[in-house]
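Colleague: got a predicted structure here, sequence first:
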Amino acid sequence: MSNVKKAAAPRRTVKRVFIGLLVMSAAWLGFRLLEPVLTWSSGWQPLPVIAAVESLPADAEFIDEDWRDLAAPAAKRMFDARAALQAPALSAAISIKGKRVWASAIGLADVASERRTTLISRFRLGSTSKAVTSVAIGTALDAGLLDLDLPAQHYVVDLASPLATITTRQAMSHTAGVRDYGLCLCFPIWEHQNRRHFADTRAALRVFERDPLLFTPGTSFDYSSYGYNVAGAVLEAATKTPLLDYLQRAVFDPLEMTHSGGDLSDTPVVERATFYEVEDGNYKPAFRVDNSIRWPSGGLLSTPSDMAILGNVMISERLLSQATRERLLTPQRLADGSANPQGYALGWRYSDQKKLFDGTLTTSIIHHNGTAVGSTSYFAALPEFDLVISVMMNKGQENLDALAPQAMALVELFVAEQRRRGAAGQDSKSAQPK
């Protein structure tokens, strides 16, 4: 063999190794970028059947003695709802006139270990977190620490354009023009499935801080969790307190919401449910995410019983002044005076046209529901009936079309009893001699 051929052989070997390394690197990179899609088809198992039982353990059911007659029908609606939703676990609570009257938790908080859900099992709130942050901002308003109409840069002094000039009111009402989740040069490429960890709310703004706005602030409406992150960063700066610490000090502790807080990916959280995706009777653990990218807008954990307490704040004299409650619950109009399309206020949606009992009753409702990776929540208050409901499940879904009707079935059960008692009271008064 000539010296030329002898020299060429090692070069070909090096080239093959180099090409092999490039292919392996490209494959690894592609997998990391597209991991949620590439792993979607694997790991599915049949969802265990949760048999209905006559009574639940003490840590999975509560009924106020005055409402004892509704225990059985409420339990049946819960079991029927869990089966219809194919949720590993379903948890709910109702308060009336500021008092919890009923709560129930059925199914499995963790399927693999067969750990049953209890009344203190914590679920991801998803966008219901915005209502929690709204209440926290309300406490800062009452304390004179924050002005909704000052530019965000007044508080977050190093904030770059275009976020610098939007106001907290615009950020909270989704009229700022801030974009929502998109693609990124990160693993994976979908921002809503983020695995990066952010030290605080301000750091998370850098993901979209310099991106152009969708429209001139105030002129249109576009729902954006990132926009609400700006409001959270303003609160953090105005109070000079990390957001999760402020929520604890200003909201959770005063209200005795003892099972609420941030969804911390790097810290064990007591009683946190395991989160799942469910399709056609099969389940798999949800994609692992880090919710530090959205603590103010979608990164909190709670229980239905805790959220029933929070909802009562908005229809009672507790924690916030009446003036602040009215500010937070007033739907925001656009610059031209027109209404926004969702009846969106400041962290809450409002409607005076909620239909119950097949449309025979119309009432007002304030609400904010949420979807998260592997979890879904429904949260509403009906001021006319002093009633708050919270329902959560450890199953992810893209919308609330299935969960909302199940929640309203529970609401109607208790509202019907309220109306029956009211009618009975009126009959009793009219029967008394004059």
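Modeller: Ah, there it is.

Colleague: so who does F287 touch?
Modeller: E35, P36, T39, Q193, V373, G374 (Cβ atoms under 8 Å, 6 or more residues apart in numbering). (Glycine included, C-beta is placed from N, CA and C.)

Colleague: can you pull up the most central residue in the protein?
Modeller: With distances taken as Cα atoms, centre = their mean, G126 lies nearest the centre of the chain, 2.2 Å away.

Colleague: skipping adjacent residues, who's closest to it in space?
Modeller: Counting by Cβ to Cβ, 6 or more residues apart in numbering, the nearest residue to G126 once its immediate chain neighbours are dropped is G370, at 2.7 Å.

Colleague: may I have the helix or strand hosting A105 as CSV, with CA atoms only?
Modeller: Using DSSP states H and E, A105 falls within strand 99-110. Output in CSV follows, covering the C-alpha atoms of strand 99-110 (Å, rounded to 0.1, in the frame of the first residue of the first chain):
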residue,chain,number,x,y,z
LYS,A,99,-68.2,29.7,56.0
ARG,A,100,-67.1,26.4,54.4
VAL,A,101,-70.2,24.3,54.2
TRP,A,102,-69.0,21.3,52.2
ALA,A,103,-65.8,19.9,50.7
SER,A,104,-64.9,16.6,49.1
ALA,A,105,-61.8,14.9,47.6
ILE,A,106,-62.0,11.6,45.7
GLY,A,107,-59.6,9.6,43.7
LEU,A,108,-55.8,9.3,43.6
ALA,A,109,-53.4,12.1,44.3
ASP,A,110,-50.7,9.7,43.0
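
Colleague: would you list the strands that that strand pairs with, along with their directions?
Modeller: Take DSSP bridges as the rule and strand 99-110 pairs in its sheet with strand 61-63 (antiparallel), strand 89-96 (antiparallel), strand 115-116 (antiparallel).

Colleague: what's the average pLDDT for it?
Modeller: Mean pLDDT, strand 99-110: 97.

Colleague: okay, buried residues for that strand please.
Modeller: R100, V101, W102, A103, S104, A105, I106, G107, L108, A109, D110 (16 or more other Cβ atoms under 10 Å).

Colleague: and for stretch 187-195?
Modeller: P188, I189, W190, E191, H192, Q193, N194.

Colleague: again, but for stretch 56-68
Modeller: Using 16+ other Cβ under 10 Å as the burial criterion, the residues of stretch 56-68 that qualify are L56, A60, E61, F62, I63, D64, W67.

Colleague: min pLDDT across those residues, which one?
Modeller: L56 (83).

Colleague: enumerate every residue touching that one.
Modeller: For L56, the contacting residues are A75, S104, A105, I106, by Cβ under 8 Å, 6+ apart.

Colleague: now the two most distant members of those.
Modeller: Farthest apart among the contacts of L56 by Cβ to Cβ are A75 and A105. That separation is 11.1 Å.
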